[in-house]
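1. Pasting the sequence and the predicted coordinates here, then a few questions.
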Amino acid sequence: MTKHTQLADHYLRSLNRNIVLIIIAVSVIPLILVSSTIYYQFRISYQEKVYDHLRELVQSHAQNIDQFLQEKLSNIRLLGDNWGWDGLANESTLKERLAALQKCFGQDFVDLGVINENGVQIAYAGPFKLAKADYSDAEWFHKAIQSEFFISDVFLGLRGLPHFIIAVRNNGENSPWILRATIDFVRFTTLVENIRLGQTGFAFILNNKEELQTKPITRPTADIIAGKTIYTEFLAKPSVSSGRVSMAVISDNARKENIYIAAFLKKGDWLLVYQQRTADAFADLNKTFLITTVLMFFGLVAIIIMAFTLSQTVVNRVAKADSEKQLMSKKVVETGKLASVGELAAGIAHEINNPVAIMVEEAGWMGDLMEEITFDESENRAEFERAIKQIQTQGRRCKEITHKLLSFARKTDATIHDVNIKELLEEMVTLSSQRAKYGMVEIRTEFAPNLPSLRVSTSELQQVFFNLINNAIDAMDHDGGTLTISAQQRENDLVVAVSDTGTGIPEANLDRIFDPFFTTKPVGKGTGLGLSICYGIIEKMGGKLEVESTVGKGTTFLISIPFQMDAERQN
Amino acid sequence: MTPPLVMLVDDEVPFVETMTKRLAKRDLNVIAAFSGQEALEILDYQRDVDVVILDVKMPGMDGIETLKKMKAAYPLIEVVMLTAHATVESAIEGMRFGAFDYLMKPCDMDQLIGKVNEAARKKQGHEEKIREAHVKEIISKRGY
């Protein structure tokens, strides 16, 4: 590989790489920027929406639960006020009232009890055997007797089942008494259990001692315990107790991020907590992200494939254009050389022709004078005549030389004829046969039958073949060899090959053999104009003259001339 | 036919001198000029020149320029262009501007004489026609 080819390859590889990088950069950077911006904005907006939704959900449920408790409290208070101690201390009346309440509100009320100021249940209506039960030591009784109404935390109590009670204090004529109702725990828990979203969203109630007041059926307690620290924080927050909803997003012990939303119930005694895994809450967002990522990935792959394909196409075209340009440059240089040498030759011809013309005229004048002078018939007169004739002959020779010198430099007025190529080549072979014989060169001909005629100048074509045949014989001058001349039709071209088995042309000389005045022949034997003239003539005919050579094996000159020249060239 | 009067114009002095002598020896009347400008000046007083042998490439006013001016002033004069081969195109261009023919240096004397005689005959033919037309005009004017 030559240095030039290496440089060209390096340039094309670099061009290929640059085009690929530019296409990828120009396509991918805006794509990533736009996609990231859109996704970022969408993510923020979506998160805000989800958080707002969850806050609203928790707040509305907190209000519902508070309303539920207030409603139950009002029912009991109304019952106490309407029926008083006398009415409700009677168990049958109390049972009637419980039945009436259950009829109105379903199974919300489990039982009713009337407790005197000493903590003894005077009357009881309900499924448990709690008549005459003594609550004097119960914590709730002490709290209930001291306030107008009381809603307890969940506890097991005498019945041994988790429940909570609602109690109102009635100030009797002599002493205060308490009307107590137990709320159906399952039904109350259902109110909280209804707050469920996604796969991991659930809610529960804690009291201010961080004890569970409802136990989520669908979630393990471990999930609740995992977020214990945040419950303490929520309980300590005044903003939460003032009715506002608080939110936090933190990772639990299992390093999983959770959303925690809390709202106080019962004027700050209970905390309604909603908890959900962030990944679950944003499942749709993550799904969208996944789809976008997959689409982007395929987009990137498509861009990369396109970049490589496009770049390869461009590089191939550049390489082709480059090679055409090189060929063109070579031709331009060749033509330029010929043109400049042509101009030089034209100048030389002019400068030589003038003195030669004077010489010839002077000789002519001498000839004219000789006719007038009466010489004796002597050897001198004959010598004078011979010398004058010689001057004229050599003058004409000079004219012919300058004519030849000019013939490759400018258009000749050679007329175009129909040339039978076979006949012309055979004539050339005959003319050269004597010389070939002396050089021990065997001439072989291989002419395809029925070759069409060429519309060219006969003398120019003769000049080309004469030059090539002479060169071939010269190349085999020392040891002899074989000169093969073949002619055939290839599509619209006549292709003539003149091959010798001579010494061949070194690669370094191959580029220069068509240069004017370039010759490898001994001094005085070649002018270096022969191949330049051939090249110019074949080019003028719209054809090509090429050379293939291997040192030690021989050289082949390939001439291709179109049978039909285009109109422009003919003109 | 009387021998034509020929003017030889070339900047190559030896060529002009020898050629003048050779043409004169062949019974031609020859005037020599060594530049286009000199040729035009001679024509100012020597108007009966029949043929001009004019070199194409000369310093100063070249052959083509001289030809243009010559033909503009004296349209009947016939001009044979002479070129040292390198300016064949110029000689052909000269023919477009009214030159009779062209020859290449060194030229054959017989060929040159032939061309000069042809050109002279052409000029004399033109003059004859003009003269006849003039005579006819006078006759028609005088009513003979």
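-> Nice, I can see it. Not measured: the values here are computed from a predicted model.
2. From here on, just use CA atoms for contacts and neighbour counts.
-> OK.
3. check which helix or strand covers the residue lying closest to A:Q463 once chain neighbours are set aside.
-> Nearest residue to A:Q463, sequence neighbours excluded (Cα to Cα, 6 or more residues apart in numbering or on different chains): A:C534, at 7.4 Å. Here A:C534 sits within helix A:530-540, counting by DSSP states H and E.
4. and the helix or strand following that helix, what's its mean pLDDT?
-> Scanning forward in sequence from helix A:530-540 by DSSP H and E, the next helix or strand is strand A:544-550. In this model, strand A:544-550 has an average pLDDT of 90.
5. In chain B, what residue comes closest to chain A?
-> Here the residue of chain B nearest chain A is B:P106; by Cα to the nearest Cα that distance is 4.1 Å.
6. Excluding residues flanking it in the chain, which one is nearest that residue?
-> That would be A:A357: by Cα to Cα, 6+ apart, it lies 4.1 Å from B:P106.
7. my guess is that neighbour contacts B:M104, does it?
-> No: A:A357 is beyond contact range of B:M104, at 9.4 Å (criterion: Cα atoms under 8 Å).
8. Neighbour count for those two, which is higher?
-> A:A357 (26 against 20; other Cα atoms under 10 Å in any protein chain shown).
9. in the stretch 51-200 of chain A, which spans are strands?
-> Remark: strands assigned in the stretch 51-200 of chain A by DSSP state E, counting those that start in this stretch are A:109-115, A:121-125, A:149-151, A:164-171, A:176-183.
10. Let me have these in a markdown table, extended by distance to chain B.
-> Output for these, formatted as a markdown table (distance: least, Cα to the nearest Cα, whole Å):
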| stretch | distance to chain B |
| --- | --- |
| strand A:109-115 | 130 |
| strand A:121-125 | 140 |
| strand A:149-151 | 128 |
| strand A:164-171 | 128 |
| strand A:176-183 | 127 |
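11. now the host helix or strand of A:A349, how far from the centre of its chain.
-> Assigned by DSSP H and E, A:A349 falls within helix A:283-372. Computed by Cα atoms, centre = their mean, to the nearest Å, the chain-centroid distance of helix A:283-372 equals 34 Å.
12. now the angle between helix A:530-540 and that helix, please.
-> Per axes from the mean of the first three to the mean of the last three Cα atoms, to 10 degrees, the angle that helix A:283-372 makes with helix A:530-540 is 120 degrees.
13. packing partners for helix A:283-372?
-> Here helix A:283-372 touches helix A:3-88, helix A:379-407, helix B:13-25, going by 3 or more Cα pairs under 8 Å, 6 or more residues apart in numbering or on different chains; DSSP states H and E.
14. Put together a markdown table for those, with distance to A:S433 and mean neighbour count on each row.
-> Below are those laid out as a markdown table (distance: least, Cα to Cα, whole Å; neighbours: other Cα atoms under 10 Å in any protein chain shown):
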| stretch | distance to A:S433 | mean neighbour count |
| --- | --- | --- |
| helix A:3-88 | 44 | 15 |
| helix A:379-407 | 24 | 16 |
| helix B:13-25 | 44 | 18 |
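15. Could you provide these in a markdown table, with additional columns for mean pLDDT and distance to A:D500?
-> Converted to a markdown table, the helices and strands packed on helix A:283-372 look like this (pLDDT from 0 to 100; distance: least, Cα to Cα, whole Å):
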| stretch | mean pLDDT | distance to A:D500 |
| --- | --- | --- |
| helix A:3-88 | 87 | 30 |
| helix A:379-407 | 77 | 26 |
| helix B:13-25 | 90 | 49 |
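16. Tell me which of the ones you listed lies nearest to A:G552.
-> Closest of these to A:G552 is helix A:3-88, at 25.7 Å (criterion: Cα to Cα).
17. Show me which residues of chain B sit near chain A.
-> Counting by Cα under 8 Å from any Cα of the partner chain, chain B comes close to chain A at B:12, B:14-15, B:18-19, B:21-22, B:84-86, B:105-107.
18. Between all of the residues you listed, which two are separated the most?
-> B:K21 and B:A86 (26.1 Å).
19. Please report how far A:H163 lies from A:R169.
-> Between A:H163 and A:R169 the distance is 20 Å, computed by Cα to Cα, to the nearest Å.
20. In three-state terms, label A:F204 for me.
-> strand (DSSP: H, G, I helix; E, B strand; the rest coil).
21. who touches A:V168 in this structure?
-> By Cα atoms under 8 Å, 6 or more residues apart in numbering or on different chains, the contact set of A:V168 is A:L73, A:I76, A:R77, A:G80, A:A144, A:E148, A:F149, A:F150, A:I178, A:L179, A:R180.
22. list the contacts for the residue positioned nearest the centre of chain B?
-> Chain B has B:V52 as the residue nearest its centroid, 1.9 Å off, counting by Cα atoms, centre = their mean. Applying Cα under 8 Å, 6+ apart, we find B:V52 in contact with B:V6, B:M7, B:L8, B:V9, B:I77, B:E78, B:V79, B:V80.
23. Name the SS class of it, please.
-> The assignment at B:V52 comes out as strand when based on three-state DSSP.
24. One more: A:V496?
-> Going by three-state DSSP: A:V496 is strand.
25. Distance check, the nearest residue to it once chain neighbours are set aside against A:E426.
-> Once flanking residues are discounted, A:V496 sits nearest to A:A487: 4.4 Å by Cα to Cα, 6+ apart. Going from A:A487 to A:E426 by Cα to Cα gives 11 Å.
26. Which one's more surrounded, these two?
-> In this view A:A487 and A:E426 are compared by other Cα under 10 Å, and A:A487 has more residues nearby, 22 against 14.
27. packing partners for the helix or strand encompassing the more buried one?
-> Secondary structure assigned from DSSP H and E places A:A487 in strand A:481-490. Using 3+ Cα pairs under 8 Å, 6+ apart, the elements in contact with strand A:481-490 are strand A:441-447, strand A:493-500.
28. Please report the number of neighbouring residues for the spatially closest residue to B:D50 that is not a sequence neighbour.
-> Excluding the flanking residues, the one nearest B:D50 by Cα to Cα, 6+ apart is B:L5, at 5.2 Å. By other Cα under 10 Å, 19 other residues sit near B:L5.
29. Quick one: residues contacting B:L5.
-> Per Cα under 8 Å, 6+ apart, neighbours of B:L5: B:L28, B:N29, B:V30, B:I31, B:D48, B:V49, B:D50, B:V51.
30. Wait, the fourth one touches B:M7, no?
-> Yes: with contacts defined as Cα under 8 Å, B:I31 counts as touching B:M7 at a distance of 4.5 Å.
31. Which one's more surrounded, these two?
-> B:M7 (23 against 18).
32. Which residue ranges make up each domain of chain A?
-> A:3-186, A:195-281, A:285-407, A:416-570 (automatic domain parsing).
33. Check which helices and strands the longest helix seen in chain B sits against.
-> Assignment by DSSP state H gives helix B:109-142 as the longest helix of chain B. Applying 3+ Cα pairs under 8 Å, 6+ apart, one finds that helix B:109-142 makes contact with strand B:51-55, strand B:78-83.
34. which stretches of chain B have low pLDDT?
-> Filtered on pLDDT under 70, chain B yields the residue ranges B:1, B:85-92, B:144.
35. now do 90
-> Counting by pLDDT under 90, chain B shows low-confidence ranges at B:1-4, B:12-14, B:25-27, B:46-48, B:56-60, B:62, B:81-111, B:114-115, B:118-119, B:121-144.
36. Check the stretch 201-350 of chain A too.
-> Counting by pLDDT under 90, the stretch 201-350 of chain A has low-confidence residues at A:201-286, A:288-289, A:292-293, A:295-296, A:299-300, A:314-315, A:318-350.
37. need the residues of chain A near chain B, please.
-> Taking Cα under 8 Å from any Cα as the measure of proximity, chain A contacts chain B at A:346-347, A:349-351, A:353-354, A:356-358, A:360-362, A:364-365, A:368, A:395-396, A:399, A:403, A:406.
38. repeat that for 7 Å
-> A:346-347, A:349-350, A:353-354, A:356-358, A:360-362, A:365 (Cα under 7 Å from any Cα of the partner chain).
39. Can you get me a residue count around A:P449?
-> 10.
40. So it versus A:K422, what's the distance?
-> A:P449 is 9 Å from A:K422, by Cα to Cα.
41. for A:K95, same thing?
-> 138 Å.
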